[in-house]
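**Q** pasting the structure only:
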């Protein structure tokens with residue numbers, strides 16, 4: 001049963017549908033990735049380390065976390081054998097991070113599962129449908145960001 005807290009039936013249906021889709025996506029994604037050993041945050045971090053040459057500061061900004069939090073995540077991933085550090089040959093005060101084979105295998109499997117999830121999620125949608133949906137969501141996102149600033 002839908003709880004109608006908004007008088008406009010169209011708006012009520014929209015809000016219910018958005019919440020329901022988000023919940024269903026989260027549940028399905030959790031089910032599909034239950035055997036995946038990395039959480040989303042660790043997988044994103046490993047992906048950034050592997051696919052970019054960003055500094056720790058830049059990675060922290062991309063992930064919207066503090067550098068101290070990023071350092072803790074890096075140390076944890078290093079401790080469980082997913083990352084290794086090497087001193088930068090050009091600047092010994094810095095170090096470079098590399099994924100281990102274990103991390104690369106796990107990340108590749110995770111990326112495959114995410115892509116399979118997105119294929120199912122967008123089944124029956126055209127490229128135009130996806131672009132239209134994205135445009136609408138971007139407008140809603142902008143509206144919400146403007147609310148934060150006021």
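**A** Now that the structure is in, tell me what you want to look at. All values derive from a computational prediction rather than experimental measurement.
**Q** show me what the host helix or strand of residue 19 is packed against.
**A** Taking DSSP states H and E as the criterion, residue 19 maps to helix 9-32. For helix 9-32, the elements it packs on are helix 101-121, judged by 3 or more CB pairs under 8 Å, 6 or more residues apart in numbering; DSSP states H and E. To be clear about C-beta, it is placed using only N, CA and C from the backbone, and glycine gets the same treatment.
**Q** tell me the angle the helix holding residue 19 makes with helix 101-121.
**A** Note on geometry: by axes from the mean of the first three to the mean of the last three CA atoms, to 10 degrees, helix 9-32 and helix 101-121 are set 140 degrees apart in direction.
**Q** show the subsequent helix or strand relative to helix 9-32.
**A** helix 40-51.
**Q** contacting residues around that following helix?
**A** Helix 40-51 is touched from outside by 36, 38, 54, 59, 62-63, 70, 73-74, 76-77, 82-83, 97-99, 103-104, 107, 110-111, with contacts defined as CB atoms under 8 Å, 6 or more residues apart in numbering.
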